[in-house]
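Asks: show me how the following folds:
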Amino acid sequence: MKSLIHILSGILLAATLGAAEPVRFVALFDGQTFQGWEGSRQWFRIEGGAVVGGSLKEPVPRNEFLCTERQYTNFVLRLKFKLLGEGANAGVQIRSQRVPNHNEVSGFQADLGDPAWWGALYDESRRNRTLVQADPAVLKEILKRGDWNQYEIRCEGKRIRLAINGRQTVDYTERDEKIPEFGIIGLQIHGGPPTEAWYKEIEIQVLP
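Replies: Numbering: from 1, shown residues only. Predicted coordinates for the structure are as follows:
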């Protein structure tokens, strides 16, 4: 019996030592430089450890995007955001691509902004429509307008889930087989009146 216990203990120890380390979150933005990102330096700047898109001093002439140089497939993305200015509109692109010879980015967008964009999933420059609208009652409870909020975006296979401040706003499964399940991550400031979109503490956990 003693020998059997030793054998079982050895197997358990070997399994434990051989187990893969859990994938941890890693920073996508270092808070100081645009390393790993590409996009307009005219409409994006770094201030107080955050990426700031747009301006409160002049209108934003068109949609602008700051995008990762790397593409991602399955992941959990976390970041904090706040929007400033009347009519501010922005979003976080996921599984997207730059439109050649154009300022636009095509793909899924975790949307932000009034009147009803907060926490919604939009298809930017592709199907050009909201795929899932967030529940206004939930947003009323959780959203801190003009202050920092947290977005969590989870992409696994054809399923995309969005959450703001710990509350899920979208659970979407893509049915179109032609829609790619990979792409860049991008930070948007929407064209329009003088507004700013702030993003910070951007980190990602890559999933299998």
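
Asks: what's the burial count for residue 29?
Replies: Neighbourhood size, residue 29 [other C-beta atoms under 10 Å]: 23. In short, each C-beta sits where N, CA and C put it, glycine included.

Asks: for the closest residue to it other than its chain neighbours, identify the helix or strand it belongs to.
Replies: Excluding the flanking residues, the one nearest residue 29 by C-beta to C-beta, 6 or more residues apart in numbering is residue 202, at 4.2 Å. In the assignment (DSSP states H and E), residue 202 maps to strand 195-206.

Asks: which other helices and strands contact that strand?
Replies: Applying 3 or more C-beta pairs under 8 Å, 6 or more residues apart in numbering; DSSP states H and E, one finds that strand 195-206 makes contact with strand 26-27, strand 50-55, strand 75-84, strand 89-98, strand 184-189.

Asks: recalculate using a threshold of 6 Å.
Replies: Applying 3 or more C-beta pairs under 6 Å, 6 or more residues apart in numbering; DSSP states H and E, one finds that strand 195-206 contacts strand 50-55, strand 75-84.

Asks: what pairs with the first one, parallel or antiparallel?
Replies: Right, the one you point to is strand 50-55. Strand pairing for strand 50-55, using DSSP bridges, gives strand 44-47 (antiparallel), strand 195-206 (antiparallel).

Asks: same check, this time on the longest one
Replies: When pairing is defined by DSSP bridges, strand 75-84 lines up against strand 149-156 (antiparallel), strand 195-206 (antiparallel).

Asks: in the last one, what's buried?
Replies: Along strand 195-206, the positions that meet the burial threshold by neighbour count (16 or more other C-beta atoms under 10 Å) are 195-202, 204.

Asks: tell me which of the strands paired with strand 75-84 lies nearest to residue 113.
Replies: Set against residue 113 and scored by C-beta to C-beta, those come closest in strand 195-206, at 8.8 Å.

Asks: how far away from the center of its chain is the closest one?
Replies: 7 Å (C-alpha atoms, centre = their mean, to the nearest Å).

Asks: go on, stretch 51-69?
Replies: Worked out by C-alpha atoms, centre = their mean, stretch 51-69 lies 16 Å from the chain centre.

Asks: got it, and stretch 64-79?
Replies: Distance, centroid of stretch 64-79 to centroid of chain: 6 Å (C-alpha atoms, centre = their mean).
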